[in-house]
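Student: My questions are about this predicted structure, shown below with the sequence.
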Amino acid sequence: MEYALLNNNLKMPMAGFGVFQVTDKEECKQSVLAAIRAGYRLIDTAAVYGNEDAVGEAVREAIDQGLCTRKELFITSKLWVQDMASYETAKAGIDASLEKSGLEYFDLYLLHQAMRDYFSAWRALEDAYDADKLKAIGVSNFYSHVLANFCETVRIRPMVNQVELHPYFAQPEALETMKFYNVQPEAWAPLGGGRHKPYENEMLQGIADAHKKTTAQVVLRWNVQRGVTVIPKSTNQERIEENFAIWDFSLTENEMAQISSLDLGYVGDAVKHFNPEFVRGCLRVKIHD
Ligand code: A2P
C-alpha cells in the first residue's frame, strides 16, 4: 500500500473503499468487512449516504475479529448541506456523524459541497479538528476558483479535496490548483461511477495485458501514480479484491500519457454541479429533522 502525506503530516492511504449508494445496512457492513479483509484501510462514507452506522459497526467488528486496529484505519465522513446553515448546525452535524458511527473520531471529515454558509461550517470543522474529534479536515466538490478563494481565506487550509476524477474526466487544471495549495486530491467515481465505464476502453486493454492486470486496475493505478487517492466502490467480493491489487505494478510514462489523453474534459457527472437544479436538489435533501 502507498500513502499520501497530508499538509498536517497525517498519513492517508492512496486507495480506499467507497460506500456511496450502498444503502442496505447489512450489505454495507459486509462489504466494508470484505474490504478490510482484502487490505483496505481507508473507508469513505458521508452523512447523506445514510450508512455511517453500518460503517461504524463494520469497524467495531473488524477490530473485534482482530483484522486491524482502529489506528490502522482511516475513516472519512462528510457533512451534508442541510447542516451547513451555520456554525451551530455544522457543529451539531459533526457530532451527529460521530454519534451515528459510534466512533470517537474521524480520520478525515469533509464539507460535502460548497453550498450554503460553508465558511461558518468550516469553522466548526476547524474547532472539531483542534478538539481532536477530526484528525484531518477537507472539502469535496470544490472547483478551482472556489478552492483558491477558500484556501486564501480560512484559518486552517483543507487537507483534502474530493472531486470526480477518472480518465474521461481527468481535470488536470483542478489538480494544479490543489498542488499549489498542498491539498491532497481524492477521486470519487475513479472507475466512472458505473456510468462512463473507462475500464471498457480498448486502448486500456493493451496496457492491462502488458502488465497482466485488468483495465479497472490500470484506471485506478493511473490516478494513484499521478498522486490522486482513489476510493472505488464495489459490492462484489472479487471486484473489491481486484480494485485493491494495484501496488505490484507501475505504468510507464508513455502509458500514463496515453491514459491522460482519454480526457474528454466535460463528460463528468460533476458538470451537473453547475446546474442550479442540482444545487436546489441538494438543498432539498434532508437527512434528519
Ligand atoms: P459493482 O458494485 O457491481 O462492482 P466508482 O467506484 O467509480 O463509483 O464505480 C463503481 C461502479 O463500478 C459500480 O457500478 C461497480 O459495480 C463497478 N465496478 C467496481 N469495480 C469494478 C471493476 N473492477 N470492474 C468493473 N466494474 C467495477
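Tutor: That came through, no problem.
Student: quick one, helices of this structure?
Tutor: For the chain, the helices defined by DSSP state H occupy 25-38, 52-64, 87-101, 118-130, 144-153, 172-180, 202-211, 215-225, 237-242, 253-260, 276-284.
Student: okay, these, which one's buried deepest?
Tutor: Sort the helices of the chain by mean neighbour count, taking mean count of other C-beta atoms under 10 Å, and helix 215-225 sits at the top with a mean of 24. To be clear about C-beta, it is placed using only N, CA and C from the backbone, and glycine gets the same treatment.
Student: elements contacting that helix?
Tutor: In this structure, helix 215-225 makes packing contacts with helix 202-211, strand 229-230, helix 237-242, helix 253-260, judged by 3 or more C-beta pairs under 8 Å, 6 or more residues apart in numbering; DSSP states H and E.
Student: ok so, going back, turn the helices of the chain into CSV, including mean pLDDT.
Tutor: Converted to CSV, the helices of the chain look like this (pLDDT from 0 to 100):
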stretch, mean pLDDT
helix 25-38, 96
helix 52-64, 98
helix 87-101, 98
helix 118-130, 98
helix 144-153, 97
helix 172-180, 97
helix 202-211, 96
helix 215-225, 98
helix 237-242, 95
helix 253-260, 98
helix 276-284, 93
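Student: which one of these lies closest to residue 79?
Tutor: Set against residue 79 and scored by C-beta to C-beta, the helices of the chain come closest in helix 87-101, at 5.0 Å.
Student: Which strands or helices does that closest one pack on?
Tutor: So helix 87-101, by 3+ C-beta pairs under 8 Å, 6+ apart, packs with helix 52-64, strand 74-79, helix 118-130.
Student: So which of those is nearest residue 253?
Tutor: Short answer: strand 74-79, nearest of these by C-beta to C-beta, at 29.5 Å.
Student: Starting from the closest one, tell me which strands it pairs with and how they run.
Tutor: strand 42-44 (parallel), strand 108-111 (parallel) (DSSP bridges).
Student: How far does it sit from its chain's centre?
Tutor: Put simply, strand 74-79 sits 8 Å off its chain's centre (C-alpha atoms, centre = their mean, to the nearest Å).
Student: quick one on the thing from earlier: okay, the helices and strands packed on helix 215-225 in TSV with distance to residue 132 next?
Tutor: Output for the helices and strands packed on helix 215-225, formatted as TSV (distance: least, C-beta to C-beta, whole Å):
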stretch	distance to residue 132
helix 202-211	42
strand 229-230	23
helix 237-242	31
helix 253-260	38
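Student: So which of the ones you listed is nearest the ligand?
Tutor: helix 237-242 (3.9 Å; C-beta to the nearest ligand atom).
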